[in-house]
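In: Sequence below, structure please.
(2 chains)
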Amino acid sequence: MSETDPFEAIKVVFFQECDELLGDLEAGLLAMESGRTDSETVNAVFRAVHSVKGGAGAFGLDALVRFAHVFETLMDEIRAGRKPCDDLTVKTLLRASDVLADHIAAARGQADPVDEARSAALVAELEALTHGDEGAVLSEPVADDIAAIEIDLGADEFGFKPVAFNFAALDAPVETAEPELQAWRITLRPHGRMYANANETGLLLRELARLGETAVALDLSALPDLNALAAEEGCLTWTVELTTAAPEADIRDVFDFVETDCDLEIVRASDEASASEDAAAPESEPESEPEFDIAALLARAQAEVVAEAPVAPVEAVLPQLTAEIAPAPAPVEVSTPPAVQAAAAPVPAKAPAAVTIRVDLDRVDRLINVVGELVIQQAMLAQRVTESGLARSSGVSVGLEDLELLTREIQDSVMAIRAQPVKSVFQRMPRLVREVAEMTGKKVRLVTSGEDTEVDKTVVERLAEPMTHMLRNAIDHGLETPEERLAAGKAAEGVVRLAALHRSGRIVIEISDDGAGINRERVRGIAISRGLIAEDAVLTDDEIDNLIFLPGFSTAETVTDVSGRGVGMDVVRRSIQSLGGRISIASNPGKGSTFTLSLPLTLAVLDGMVVTAAEQTLVAPLTAIVESLTPRAEDIHHVGGHDAVIRFRDAFVPLIDVAMAMGFRTTPTVSATGVAVVVENEAGQRAALLFDAIQGQRQVVIKSLETNYQQVEGVAAATILGDGRVALILDVDALTANARRQASRPELKLAS
Amino acid sequence: MTDHFSTTASDARELIAFRIGEQEFCVDIMAVREIRGWTPATPLPRTPGYMKGVINLRGAVLPIIDLGVRFGLTTSEPTARHVIMVAHIGGRMVGLLVDAVSDIIQLKDEEIQPTPDVASDHVKSFVKGIFALDGRMLSLIELDRIVPEIEAEAA
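Out: Next up is the predicted model:
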């Protein structure tokens, strides 16, 4: 068991990387979809797939490797400009990336094995795109067990059916399609970086020799005089004449890991000039004696290099030899005077390495906790100093102020560590949109913006679910079918926008569609038929729109697979509110609707109103508070003798004496002496909470009560105030719900 | 939680002795993380009488159990002279309010006598055994019994 552990650990890292790579892949493909088909984007996509394949190969994840290989082959064709990067291709690639993600999930053991037929169908599609124009299906060494045959080139994008697919002994007959020998000229000029990355030219040349007959020529013309020689730089250029049956992709594969670190040119020698092939023959010395005396040749090469520095194309040197002199002019240095060594100043490092590190989340959380304590301790200290009556100009006070600034900065920085761009959630959405679009038969384009908006990890994690719900709703209920859209004079393709932005210390997420908007007549009708509103209720447009958030409301006429289980928007609303957020809707008939989510940037701190009740300090979450007022005796009435209500803007809302409700006091206070805070609970019901006094508004660090104790009814969490004492954060929902239906125990919502 | 400790060379366990009113009790020293003076606690609503509330222990919210009330003894309002033993019970940190901590004692397992029948069932549920020390009688407290009941009563 212990033996496999390190391996497993590496595997875990691989899968973590896969997640990132899939993200890059998706982002790149979407960029391509929007028309950005520059080589940088295409290369990024290629690299992502390639890295997945490479890692998967190392772990023997065959299914994944096979799929990734086909994917990669097509990407390579596009990269080389041999295949167009058209709409059909990108759409196929996007679906392929979904399947790739499924393969990875399956390899990870997180999901069921990928549906063979689905995977195979995509493989076929990819291969059709890869080989389509060439007509002949070239053999693919890695894909040896995937023999795709008879691909219908005319098949349309969605019309693909799993094609005949043989995993068994099909290899021989199909691949005997007489590979044609071709001559290639490969020019390789390694940069110093390639050697620094521990790659050797010799090994590359040896790899090439495996593909076919090679003739290698070394060009020393770029080699400077000894005194000008930078030892770490590469000055040598190799020209390889290769005659092989292997396709270009295989040749490129050889240079896979060094491509970015060298100048590489691969041309079909037969294409440019037939003469070059003839020329290659006499020049080359295609000998490959295994008992080759490296030492002797090395000595010879050194002598050559030292003696006649800049030389025209030197006699072809054997691959085995180049392996030795490849680590650049290192051997030359042996006979170099010290002065030259000094001149060979270290090459300035190009392109700094990636500046991220992986850190265990636990460590970050611990750091955040400790910093939270530091903040509290600092506040306590400041309070003590103030109490001690020291002058504000005293050294202690001044130092303390600096400490406060520093503490705040530390807290901000630490919170920034855990902050994540919403990208990770946004990236999951295109796939969802594709799937929902396919299921509903609608054409949808997802436009996202503000992916880099950062928000605390705890919030990011909990964004996915409500966003998924809302996107589904936007497509399923919001957008019309292509026919309806055309009839309404809109483009057949609907647009769903997903945007994230920061607004006044909160993150705002907008999900808008350009569909039909909310059918208010129907919403109203449904609300009446479900008994949610009275038949003669007079509602504003806004109020009708908001009816869709009521529990048990579903406008879908038929319950679809996608949405419409009657748990739609009220679930979204509840999960948003449990995050301390709010959701609103704006709808424009015929033009579409926009849902706006507003969420706190973190769940670790909360904006609260610090209040006093029966000498206890309490915190009421600011998000729940509508208004605070000083109650007048004539506004307070009693229903049935003791249930107090207060008049608030022409409506009577229950008045809850918090000190009584929390059991801090057993006799009611004189209502008129306190402060009433009108709050709205998640169901939109209002109540007035009666406190003794309001201390002020403050940001507080949320501490869970459950860590060492348990949930307490009416208390959402706790916090620690500047005086070091614990203050309870009120659970407004539980308090108001309790007042409304005293007999039943309300469900407690906890914010931490 | 004390079993592994009895296997030490001396075959003795170390206990912290404390006082509530006139009575002396003790708990395994391994369960006690720290001992601190009483600071006013923030009361929690709708909790049993022995829950004095919560205090801030270096950033953590620590529930305080008044052991005197828990054992059914009469206690007075806590003063600055009272002591909170911060104990680790079943994965949680709990503060135990007692009158004073008196001693650290070593005790061999065989010196422990079973709780006599005269004690009420309520007391017996917390007391693992009793033993004599210099003419005094100390009750060995089973800490695990103190927390689970909180959940049972309040849930």
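In: now the chain, which segments are flagged as low pLDDT?
Out: Let's take chain A. Chain A contains residues with pLDDT under 70 at A:1-5, A:132-180, A:270-354, A:504-505, A:552, A:554-568, A:641-642, A:668-672, A:682-684, A:738-752.
In: nope, chain B please
Out: Applying pLDDT under 70 to chain B flags the ranges B:1-11, B:75, B:118-120, B:148-155.
In: what residues does it put near chain A?
Out: Taking Cβ under 8 Å from any Cβ of the partner chain, the part of chain B that reaches chain A is made up of B:40-47, B:53-56, B:58-63, B:92-94, B:150-151, B:154-155. C-beta coordinates here come from the backbone N, C-alpha and C atoms, glycine included.
In: In chain A, which residue sits nearest chain B?
Out: Residue nearest to chain B within chain A: A:E373 (3.3 Å; Cβ to the nearest Cβ).
In: Settle this for me: that residue is touching B:N56, isn't it.
Out: No: using Cβ atoms under 8 Å, A:E373 makes no contact with B:N56, being 9.2 Å away.
In: Pretty sure the residue of chain A closest to chain B sits in a helix.
Out: Yes: under DSSP: H, G, I helix; E, B strand; the rest coil, A:E373 falls within a helix.
In: Looks to me like B:R19 is in a strand.
Out: Yes: counting by three-state DSSP, B:R19 falls inside a strand.
In: so what's it bridging to?
Out: Counting by DSSP bridges, B:R19 forms beta bridges with B:E24, B:A100.
In: Hmm, B:A100 and it touching each other?
Out: Yes: B:R19 sits in contact with B:A100 when judged by Cβ under 8 Å, with a separation of 4.9 Å.
In: The two - which one has more neighbours?
Out: Neighbour comparison, B:R19 and B:A100: the larger count goes to B:R19, with 16 against 12 (by other Cβ atoms under 10 Å in any protein chain shown).
In: residues in contact with residue 94?
Out: Defaulting to chain A. Applying Cβ atoms under 8 Å, 6 or more residues apart in numbering or on different chains to A:L94 gives the contacts A:E26, A:L29, A:L30, A:E33, A:P430, A:R434.
In: nope, chain B please
Out: B:V94 makes contacts with A:N708, B:L62, B:P63, B:I64, B:I65, B:V86, B:A87, B:H88, B:I146, B:V147, as judged by Cβ under 8 Å, 6+ apart.
In: excluding its backbone neighbours, what's nearest B:P63?
Out: In space, and not counting its chain neighbours, B:P63 is closest to A:Y709: 4.2 Å by Cβ to Cβ, 6 or more residues apart in numbering or on different chains.
In: Any idea how many residues pack against the one you found?
Out: Using other Cβ under 10 Å, A:Y709 has 25 other residues around it.
In: Can you tell me the SS state at it?
Out: Quick answer, by three-state DSSP: A:Y709 is coil.
In: Now it: phi and psi?
Out: Per-residue torsions, A:Y709: phi -130, psi -120 (degrees, to the nearest 10).
In: distance of it from B:V147?
Out: According to Cβ to Cβ, to the nearest Å, A:Y709 and B:V147 sit 9 Å apart.
In: follow-up on the earlier one: what about the contacts of A:L94, which are in helices?
Out: Residues of these located in helices (DSSP state H): A:E26, A:L29, A:L30, A:E33, A:P430, A:R434.
In: pretty sure the fourth one contacts A:V90?
Out: The reference is to A:E33. Yes: between A:E33 and A:V90 there is a contact under Cβ under 8 Å: 4.8 Å.
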